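[1] Quick one, fold the following:
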Amino acid sequence: MDATGYFATARERYRMRMRRLDGQQPPWTEDAVLQKFRFCNVHREHDKTTEWFRNEVRSKLSGYQVVQATLIFRWFNRIETGEIIKDLLLQPKWDTEAARTRLEGVQPVVTGAYMIRTEIGMSKLDGVLYAVEKGLHKLPKIVDGWAGQPLTIQQATLDLQGIYGIGPFLAYEITTDLRWTDVLNKASDILTWTNIGPGAAKGLGRLFGDEWRWNRGREDHQQEMVKVAQQLLEMSRNEPHWLQTWEPWEMREVEHWACEYQKWCQGQEGKNLKRRYR
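    Numbering: from 1, shown residues only. Okay, here's the model as predicted:
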């Protein structure tokens, strides 16, 4: 496994953030790909949408309420939408019709960062609200099942996939938020497990010279990739891979950057990535 480029691009992306926060003028890097296209921060907690949700909603709730608010917000995953329904997210009981009234005509109402599927014939707004309603019918039973037992991120991610319309990607987005709440902040697998998405699977494959090395839909391949992620996490504890004065990594950072590294490699190959940086 050759992780040289993986960590080098992560370090440069982290430095870009620090240069911006220091008030330096763009461009904050000489890397042509990082200049041209939009890349997430190394730490998901530093991304703009997550920062908004953490400060305005997540940090103000606990228990079932924070699970409910996280599920609803991550369906939309847009700050602009969140601002409109923030008070509804903070209420104990969700009000679908109030949300519909406020969000009618808002474009776009959901994120463009990942695919949101809705029922045939429904608008994006109606489809998401329909999914939220169905999800909230099942959520209390799921959260009740988490009480009084050692809960892991892996198990919580699997449980949330029992909700209509929530697959592995969205379920892991939700549990990644909950890792920083009283629901999952004591999970035993924060440093041992991650859900490897399709982009991350290709990114990890790049470390072995083959982006198609693993099929992320196969359980045995998921297990293999988690072991590789554990090795990368251990490598991040040592310089020069990652400066130890910087914020440390968890398994989410390993998976998160594997996806971004795949994008960077595609940019290096001359492919036109989806999101340009302006």
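[2] The strand or helix carrying K202: what's the following helix or strand?
    Per DSSP states H and E, K202 falls inside helix 198-206. Note on helix 198-206: by DSSP H and E, the next helix or strand toward the C-terminus is helix 219-235.
[3] Skipping adjacent residues, who's closest to the residue nearest the centre of the chain in space?
    Central residue of the chain (Cα atoms, centre = their mean): E173, 4.3 Å from the mean position. Closest residue in space to E173, ignoring its immediate chain neighbours: R74 at 5.1 Å, by Cβ to Cβ, 6 or more residues apart in numbering. Backbone N, C-alpha and C define where each C-beta goes, glycine included.
[4] Could you list the buried residues of the one helix or strand the one you found maps to?
    Per DSSP H and E: R74 is located in helix 63-76. Buried residues in helix 63-76, defined by neighbour count with 16 or more other Cβ atoms under 10 Å: 64-76.
[5] Same check on stretch 147-156?
    Buried-residue list, stretch 147-156, by 16+ other Cβ under 10 Å: L151, T152, I153, Q154, Q155, A156.
[6] On the pLDDT front, check the fourth one for me.
    Per-residue confidence (pLDDT) for Q154: 97.
[7] now it: how far from E250?
    14 Å (Cβ to Cβ, to the nearest Å).
[8] The third one too?
    Look at I153 and E250: by Cβ to Cβ, they are 10 Å apart.
[9] One more: the second one?
    From T152 over to E250 the distance is 14 Å, taken as Cβ to Cβ.
[10] same deal with E104?
    From E104 to E250 the distance is 39 Å (Cβ to Cβ).
[11] which of those two has more neighbours?
    Between E104 and E250, counting by other Cβ atoms under 10 Å, E250 is the more crowded of the two (20 against 11).
[12] Only the buried residues of the helix or strand where E253 lies, if you could.
    Here E253 sits within helix 251-268, counting by DSSP H and E. Neighbour-count burial for helix 251-268 flags 251-267 (criterion: 16+ other Cβ under 10 Å).
[13] now for it, which elements pack on it?
    helix 4-21, helix 32-36, helix 198-206, helix 219-235 (3 or more Cβ pairs under 8 Å, 6 or more residues apart in numbering; DSSP states H and E).
[14] Of all the ones you listed, which one is nearest P140?
    helix 219-235 (29.1 Å; Cβ to Cβ).
[15] orientation of that closest one relative to helix 198-206 in degrees?
    Following axes from the mean of the first three to the mean of the last three Cα atoms, to 10 degrees, one obtains 70 degrees for the angle between helix 219-235 and helix 198-206.
[16] For the helix holding K202, list every residue counted as buried.
    In helix 198-206, counting by 16+ other Cβ under 10 Å, buried: G199, A200, A201, K202, G203, L204, G205, R206.
[17] Out of the buried residues of stretch 147-156, flag the one nearest to M16.
    I153 (28.3 Å).
[18] Can you name the residues that contact that closest one?
    T175, T176, R179, L184, A187, D189, I190, W193 (Cβ atoms under 8 Å, 6 or more residues apart in numbering).
[19] Looking at neighbours, which among those is most surrounded?
    T175 (26 neighbours).
[20] and that one, what element?
    Assigned by DSSP H and E, T175 falls in helix 168-178.
[21] quick one, what contacts R11?
    W242, L243.
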